[in-house]
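# Have a look at this fold, sequence not included:
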């Protein structure tokens, strides 16, 4: 399963490869992608490589659920402390297995 | 149907699934934090989740006492696993036979695992032999072995991708094993050796590692040997920590010219050691030692030392401070800290000493004249005269001092003597004539 990747380019010429879906967790990156998409490479003229790397690191450790940003750890904790049914309820996951398949 | 009703009640519309459509990479990141048993269980959430577990790059298993059943689960999972790279396999197992380790690790190799963690959690029972086939596992990057694993490396092998190695309470077959092991990992950068208890006694540990950057040694070997020891030859070493090393014949650290930071804690009763002398390139040092227990070679100068932290619960620590001040011409930051209140089992052995005088420096040390800018003392114990003298001396001789902070812990109201001694100093210190005009004196309460 390969995800679409994009390339972010910092003001000091550094490039970072990242899965598009992950990068789009950041509002800033989303705006930039919408405004200036030259092929697959997005330039960030005001952001250094170091800062850009930290932003991507942040994106990789946080998810946006219902407009709220949570750490992956928090979501993992939710899953860890609940039964399957409770997880379904909490995240609104629809159980589309037919009864036979569930076994 | 009940669920559906609730959702409609809450939002007025059917709510969206909040988790299944997150980016795959993030879902895998979340699942990597969970034990594999739970991760596999997510496959019943919905059809979309059926095979997600197979792509999680980290697998972690913990056994109960039924090893054959556990092994079947581990093997089945490993063989169904589809992620392109198995980042980490973590196995926490109670007693098991050698052969199982071989099987699990063998499959892990075919999956190109990058990090293998084997935590045997064995207190009693026969130690398990680490399969020799794994010593030629040249794509493994991180290996962590804990408890009663026997390492037997009779000749040089190839572990050329190994960068990180943690050995915690493992059993070494002989001296040669240790030498061969380290010589077989030329790219080793991070080593953690925790000696713990042992089944057979190893005499000499030689670590020759040209690429090693960080080394953490925790010996904690309570048998009280008086022979054998460590020889460390790591020319690229940047960070060194030695804790609880006691009762050896020698500890040599050769050529640590790239050393940036070191932490030496609880080292004593070693007949031949030049540990202090080997640290002379360090920029930052943290010492928890008594000068009575460690040899301090004369004429060692810490030319690059900028930050020194010393623990203040050991006997005559103040005399070690003198030695350090005299030998650290460029010192800018000095921190003194008493850990005996937050580490429960730490006994402050200075309490039993007869009161004495502090061997203060003969001439005012260079660092106090020209470099020391920051002085922090956390939990000073001003019952002892020597410690009061230290405080007065620093304030009245440090010409470049910008800030002196005394951080005070809570003293119970019944400890009248201690409270009185503290109050004496709190009254006295602000009046001490400071060598630095622009020095801020700060008292903080924890």
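Yes, it's here. Because the structure is predicted, anything quoted here is derived from the model rather than measured. Residues are numbered from 1 along each chain as shown, chains lettered A, B, ... in the order given.
# And the residue of chain A found nearest chain B, how close does it get to residue B:43?
Nearest residue of chain A to chain B (Cβ to the nearest Cβ) works out as residue A:21 at 3.2 Å. All C-beta spots, glycine's among them, are computed from the backbone N, C-alpha and C. Distance, residue A:21 to residue B:43, using Cβ to Cβ, to the nearest Å: 22 Å.
# between those two, which one's more packed in?
residue A:21 (18 against 15; other Cβ atoms under 10 Å in any protein chain shown).
# residues in contact with the host helix or strand of that one?
Element membership for residue A:21 (DSSP states H and E) is helix A:20-23. By Cβ atoms under 8 Å, 6 or more residues apart in numbering or on different chains, the residues outside helix A:20-23 that reach it are A:3-6, A:8, A:29, A:33, A:56, A:59-60, B:23-26.
# Run a quick neighbour tally on residue B:144.
For residue B:144, the neighbour count with other Cβ under 10 Å is 17.
# circling back: can you add neighbour count and distance to residue B:311 and give the contacts of helix A:20-23 back as TSV?
What follows is the contacts of helix A:20-23, written out as TSV (neighbours: other Cβ atoms under 10 Å in any protein chain shown; distance: Cβ to Cβ, whole Å):
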residue	neighbour count	distance to residue B:311
A:3	12	50
A:4	9	54
A:5	13	50
A:6	20	50
A:8	23	46
A:29	22	46
A:33	16	52
A:56	20	40
A:59	23	41
A:60	18	38
B:23	19	47
B:24	16	49
B:25	17	44
B:26	22	43
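# Can you list which of those residues are found in strands?
Among the contacts of helix A:20-23, the members found in strands (DSSP state E) are A:5, A:6, A:8.
# The second one and residue A:18: what is the separation?
When Cβ to Cβ is the yardstick, residue A:6 and residue A:18 sit 6 Å from each other.
# Show me where the stretch 1-150 of chain B dips below the pLDDT cut-off.
Along the stretch 1-150 of chain B, the parts satisfying pLDDT under 70 run over B:1-15, B:122-125.
# 80 - rerun?
Within the stretch 1-150 of chain B, the ranges that satisfy pLDDT under 80 run B:1-16, B:121-126.
# residues contacting residue 28?
Reading this off chain A. Counting by Cβ under 8 Å, 6+ apart, residue A:28 has contacts residue A:55.
# Chain B, not that one
Residue B:28 sits next to B:52, B:55, B:56, B:57 when contact means Cβ under 8 Å, 6+ apart.
# which stretch of helix or strand covers it?
In the assignment (DSSP H and E), residue B:28 maps to helix B:24-31.
# What residues sit buried inside the helix or strand that that helix is followed by?
Heading C-terminal from helix B:24-31, the first helix or strand you meet, by DSSP H and E, is helix B:36-41. Using 16 or more other Cβ atoms under 10 Å in any protein chain shown as the test for burial, helix B:36-41 gives B:36, B:38, B:39, B:40, B:41.
# surely the last one meets residue A:84?
Yes: the pair residue B:41 and residue A:84 passes the contact test of Cβ atoms under 8 Å, sitting 6.3 Å apart.
# circling back: top of the contacts of residue B:28 by neighbour count?
The most crowded member of those, judged by other Cβ under 10 Å, is residue B:56 (25 neighbours).
# List the contacts of it.
B:28, B:31, B:32, B:36, B:39, B:83.
# re the thing from before, just the closest of the contacts of residue B:28 to chain A, please.
The nearest one, if we look at the contacts of residue B:28 relative to chain A and count by Cβ to the nearest Cβ, is residue B:55, at 7.0 Å.
# which residue packs closest to the closest one, ignoring adjacent ones?
Leaving out its chain neighbours, the residue that sits closest to residue B:55 by Cβ to Cβ, 6 or more residues apart in numbering or on different chains is residue B:83, at 4.7 Å.
# buried sites along the helix holding residue A:21?
By 16+ other Cβ under 10 Å, the buried positions in helix A:20-23 come out as A:21, A:22, A:23.
# Throw those into TSV and include pLDDT, thanks.
As requested, those are exported to TSV (pLDDT from 0 to 100):
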residue	pLDDT
A:21	81
A:22	82
A:23	82
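# how about these in JSON lines, adding distance to residue B:149?
Shown next, in JSON lines, are the buried residues of helix A:20-23 (distance: Cβ to Cβ, whole Å):
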{"residue": "A:21", "distance to residue B:149": "41"}
{"residue": "A:22", "distance to residue B:149": "38"}
{"residue": "A:23", "distance to residue B:149": "42"}
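# all helices of chain A, in order?
Along chain A, counting by DSSP state H, helices occupy A:20-23, A:27-35, A:49-61, A:72-80, A:84-91, A:99-102.
# swap that for chain B, sorry
B:2-11, B:24-31, B:36-41, B:67-80, B:98-110, B:175-183, B:275-278, B:317-327, B:366-370, B:385-397, B:416-428.
# so what's the closest residue to residue B:33 other than its chain neighbours scoring on pLDDT?
Excluding its sequence neighbours, the residue lying closest to residue B:33 (Cβ to Cβ, 6+ apart) is residue A:76, at 3.9 Å. pLDDT recorded at residue A:76 is 92.
# Neighbours of residue A:76, how many?
19.
# and it, what is it in contact with?
Applying Cβ under 8 Å, 6+ apart to residue A:76 gives the contacts B:30, B:31, B:33, B:34.
# quick one: which of the residues you listed is nearest to residue B:62?
The nearest member of these to residue B:62, counting by Cβ to Cβ, is residue B:34 at 12.0 Å.
# Please tell me how far the nearest residue to residue B:81 once chain neighbours are set aside sits from chain A.
Closest residue in space to residue B:81, ignoring its immediate chain neighbours: residue B:54 at 5.6 Å, by Cβ to Cβ, 6+ apart. From residue B:54 across to chain A, the span is 10 Å (Cβ to the nearest Cβ, to the nearest Å).
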